[in-house]
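*Asks:* return a 3D structure for these sequence lines:
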Amino acid sequence: MTQHKSPLAASPLATVPEETPGHGLLAGKKVVVTAAAGTGIGFSAARRAALEGADVLVSDFHERRMYEARDTLAAEFPGQRFEAITCNVQSTSDVDALISGAARTLGRIDVLVNNAGFGGEGELVDMTDEDWDRVLDITLNGTFRATRAALRYFRDVPHNGVIVNNASVLGWRAQRAQAHYAAAKAGVMALTRCSAIEGADFGVRINAIAPSIARHAFLEKSASAELLDELAAKEAFGRAADVWEVAATIAMLASDYTTYLTGEVVSISSQRA
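*Replies:* You can find the predicted model right below:
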């Protein structure tokens, strides 16, 4: 992946490091990742879960790319199990079927990664109700639907579980033409905090990540290279994160290394103070 490094960056951390090897953090776990097709954080989170020893079920609205993601993982990790279920997170019946189907197919669910989201750029003054509603429904309501279905599952099984949500630093930070996406991600943060209190009743830890900027092919299609270069240059390292760096934090939150962490939002950023 090409990294657009700021010409002013002088930090030794401006170069993306080699991916950290797996350490068995999720060995024996059954992990479900939404919006896991393609080249973004979702696929990287699924791959990292596999690298840490998990069996993984990938889900996505795009059926062909979803099965390609599953097959790619199966080829790289031949000793592990990989499954796929199509799901549109805008549909309650789809989401409920995903959780019940994943539990049946994998035998159980230990971790749910709520990665599904939708963004784009749009000035508020020109934004339509449809523009606003689509971003909020996929990004916030989709996370709600999946969290609700997962909590109902964990309520009725004898083992504990983990949910990791994908938020964004835009849940805290103002950025032009991002009112819909920022509002949705701020909602994901609030949902994470409140659902974590209830999830504790069922042995479920719920946390979120808030990446600043992680560059991948899908993001390049939804935002201009100029804007992404500008945002990356503001980071302390003078670069965007690689998706594996985000995925590694998701794996940490899903693992037993964070057993006393719930209701938290972990910022994945190198922002200047």
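*Asks:* pLDDT weak spots in the protein?
*Replies:* 1-10, 214-224, 227-233, 271-273 (pLDDT under 70).
*Asks:* tell me where it has helices.
*Replies:* Ranges of helices within the chain are 41-51, 63-76, 92-106, 129-136, 142-155, 179-199, 217-222, 225-233, 243-254, based on DSSP state H.
*Asks:* how far does the first one sit from the chain's center?
*Replies:* Which is helix 41-51. 10 Å (C-alpha atoms, centre = their mean, to the nearest Å).
*Asks:* what's that helix packed up against?
*Replies:* Applying 3 or more C-beta pairs under 8 Å, 6 or more residues apart in numbering; DSSP states H and E, we find helix 41-51 packed against strand 30-33, strand 55-60, helix 63-76, strand 111-114, helix 243-254. Using the backbone N, CA and C atoms, a C-beta is placed for each residue, glycine as well.
*Asks:* buried residues, the third one. List them.
*Replies:* Judged by neighbour count (16 or more other C-beta atoms under 10 Å), helix 63-76 contains these buried residues: 65-66, 68-70, 72-74.
*Asks:* which one of the residues you listed is nearest to residue 47?
*Replies:* Nearest to residue 47 among the buried residues of helix 63-76: residue 73, at 6.2 Å, using C-beta to C-beta.
*Asks:* what's the spacing between that closest one and residue 240?
*Replies:* From residue 73 across to residue 240, the span is 24 Å (C-beta to C-beta, to the nearest Å).
*Asks:* separation between the residue lying closest to residue 22 once chain neighbours are set aside and residue 244?
*Replies:* Closest residue to residue 22 apart from its sequence neighbours, by C-beta to C-beta, 6 or more residues apart in numbering: residue 51 at 3.8 Å. Between residue 51 and residue 244 the computed distance is 9 Å (C-beta to C-beta).
*Asks:* skipping its backbone neighbours, what lies nearest residue 20 in space?
*Replies:* Using C-beta to C-beta, 6+ apart, the closest residue to residue 20 is residue 248 (6.0 Å).
*Asks:* still on that earlier bit, make a markdown table from the helices and strands packed on helix 41-51 and add distance to residue 122 to it.
*Replies:* Below are the helices and strands packed on helix 41-51 laid out as a markdown table (distance: least, C-beta to C-beta, whole Å):
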| stretch | distance to residue 122 |
| --- | --- |
| strand 30-33 | 27 |
| strand 55-60 | 24 |
| helix 63-76 | 25 |
| strand 111-114 | 23 |
| helix 243-254 | 24 |
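*Asks:* circling back to that earlier point, of residue 51 and residue 244, who's got more company?
*Replies:* residue 51 (25 against 20; other C-beta atoms under 10 Å).
*Asks:* what sits against that one?
*Replies:* Shown in contact with residue 51 (C-beta atoms under 8 Å, 6 or more residues apart in numbering): 21-22, 77, 251.
*Asks:* list buried residues within those residues.
*Replies:* For the contacts of residue 51, a burial check counting by 16+ other C-beta under 10 Å picks out 22, 77, 251.
*Asks:* any idea how far residue 150 is from the second one?
*Replies:* It refers to residue 77. According to C-beta to C-beta, residue 77 stands 24 Å off from residue 150.
*Asks:* next one: residue 168
*Replies:* Distance, residue 168 to residue 150, using C-beta to C-beta: 21 Å.
*Asks:* next: residue 137.
*Replies:* Distance from residue 137 to residue 150, counting by C-beta to C-beta: 19 Å.
*Asks:* output the contacting helices and strands for the biggest strand by length in the chain.
*Replies:* As assigned by DSSP state E, the longest strand anywhere in the chain is strand 204-211. If contacts are counted by 3+ C-beta pairs under 8 Å, 6+ apart, strand 204-211 sits against helix 142-155, strand 161-166, helix 179-199, helix 243-254, strand 265-268.
*Asks:* looking at those, which is buried most?
*Replies:* strand 161-166 (a mean of 26; mean count of other C-beta atoms under 10 Å).
*Asks:* residue 131 - how many residues pack around it?
*Replies:* Residue 131 is flanked by 15 other residues according to other C-beta under 10 Å.
*Asks:* that one contacts residue 121, correct?
*Replies:* No. With contact defined as C-beta atoms under 8 Å, residue 131 does not reach residue 121; the gap is 10.4 Å.
*Asks:* re earlier: which among the helices and strands packed on helix 41-51 is found nearest to residue 198?
*Replies:* strand 111-114 (14.9 Å).
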